[in-house]
Each structure stands twice: as structure tokens, then as C-alpha cells.
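# heads up, no residue letters with this:
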């Protein structure tokens, strides 16, 4: 019984960890795209002067 419970807890921990990695990767991509948009806007402002 104890072994089975430990296996379930370990599997749940692994699933949560993998889900968290995907979440952080997605957040990193969103932040990168936001930074690129700011760079593009800055270039547009520089070109207008």
C-alpha cells in the first residue's frame, strides 16, 4: 500500500513539474514577443524624427 501511494505521488509530482516547464516556456515566449514589439515601436519612433 505504501509503495503504491509513493508511486502515485511521484507520478503526480512529475506531471506537475512537466506542466510547469511548459508554462514557463510559454511565458518566456510571450515576454520575448513583447520585447520585440517594444523594439519595433522604438525603431519606428527613431525613423520618424
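On my side now, so go ahead. Please read all numbers here as calculations on a predicted model, not as lab measurements. Numbering: from 1, shown residues only.

# pLDDT weak spots in the chain?
Applying pLDDT under 70 to the chain picks out residues 18, 20.

# what about the helices in it?
Assigned by DSSP state H, the helices in the chain fall at 2-48.

# report the central residue of it.
residue 24 (2.1 Å; Cα atoms, centre = their mean).

# how many other residues sit next to residue 46?
As a burial measure, residue 46 scores 8 neighbours (other Cβ atoms under 10 Å). For the C-beta atoms, the positions are set from N, CA and C on the backbone; glycine is no exception.

# please apply the same query to residue 9.
Residue 9 has 10 nearby residues by other Cβ under 10 Å.

# count the neighbours of residue 22 for me.
Neighbours of residue 22 using other Cβ under 10 Å come to 9.

# err, residue 43, not the other one
Applying other Cβ under 10 Å, we find 10 residues neighbouring residue 43.

# begin at 35, not 1, for the rest of this chat.
Yes, from this point I'll number from 35; that puts the last item at residue 77.

# so how far is residue 64 from it?
21 Å (Cβ to Cβ, to the nearest Å).
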